[in-house]
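Asks: dropping a prediction and its sequence here:
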Amino acid sequence: MPGPMQSANGRSGGAAASSASLFTSLWNALADLLGTAATATLLRRSARRAMARAPELVELTIVRESLEYRYTLPAIWSDSTEATSGGLRLLVAELVPLLVELTGSVVVRHLARMPEFRDRAIIPPQEDKP
């Protein structure tokens, strides 16, 4: 069983970051800004919306155990490759509008500045509005 706020895959970082490590970075950044309950809710909703276009998201589970959240990621996400999973990209594509609706562009801009997302163009850059 994975640890609190950790993936079942147990991988993180590296020159060729896996989709699992990118999800972990996303989870940690959102949890720091919004809290774990909001993060779990937003990611579950985004995954449900993207599931029809990315069947691998059926394997993504986020559950609350006692006072902590745990998640299990699609097995394919643990592969360390240069190509980011299409499922992760679709999940993020569904997540961004939810974040903008709830927080304006503050959280999305923060994520877009993170090197692991910026370098792979996972989070679209947000324009500052006057």
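Replies: All right, it came through fine.
Asks: hey, let's count contacts and neighbours off CA atoms from now on
Replies: Noted.
Asks: which residues does the biggest helix by length in the chain contact?
Replies: For the chain, the longest helix by residue count, based on DSSP state H, is helix 86-103. Helix 86-103 is contacted by residues 19, 23, 42-43, 46-47, 49-50, 53-57, 105-108, 122-123 when judged by C-alpha atoms under 8 Å, 6 or more residues apart in numbering.
Asks: list the contacts for the closest residue to E56 other than its chain neighbours?
Replies: Spatial nearest neighbour of E56, excluding adjacent residues (C-alpha to C-alpha, 6 or more residues apart in numbering): P74 at 6.1 Å. Shown in contact with P74 (C-alpha under 8 Å, 6+ apart): E56, L57, V58, E59, L60.
Asks: can you tell me which of those lies closest to A38?
Replies: L60 (16.6 Å; C-alpha to C-alpha).
Asks: number of nearby residues for the closest residue to the closest one other than its chain neighbours?
Replies: Excluding the flanking residues, the one nearest L60 by C-alpha to C-alpha, 6+ apart is L73, at 4.7 Å. Applying other C-alpha atoms under 10 Å, we find 22 residues neighbouring L73.
Asks: just the pLDDT at L73, thanks.
Replies: Looking at L73, its pLDDT reads 95.
Asks: just S18 next, same as before
Replies: At S18, pLDDT is 89.
Asks: equivalent analysis for L26, please.
Replies: pLDDT, L26: 97.
Asks: show me the residues around it that make contact.
Replies: L26 touches L111, counting by C-alpha under 8 Å, 6+ apart.
Asks: show me the shaky parts of this structure.
Replies: 1-16, 80-83, 126-130 (pLDDT under 70).
Asks: now the strands: where do they sit in it?
Replies: Listed in chain order, the strands of the chain (DSSP state E) span 61-65, 68-72.
Asks: dump those strands to JSON lines, plus distance to E94 and mean neighbour count.
Replies: Below are the strands of the chain laid out as JSON lines (distance: least, C-alpha to C-alpha, whole Å; neighbours: other C-alpha atoms under 10 Å):
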{"stretch": "strand 61-65", "distance to E94": "17", "mean neighbour count": "14"}
{"stretch": "strand 68-72", "distance to E94": "18", "mean neighbour count": "18"}
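Asks: G35 is nearest to which of these?
Replies: strand 68-72 (10.7 Å).
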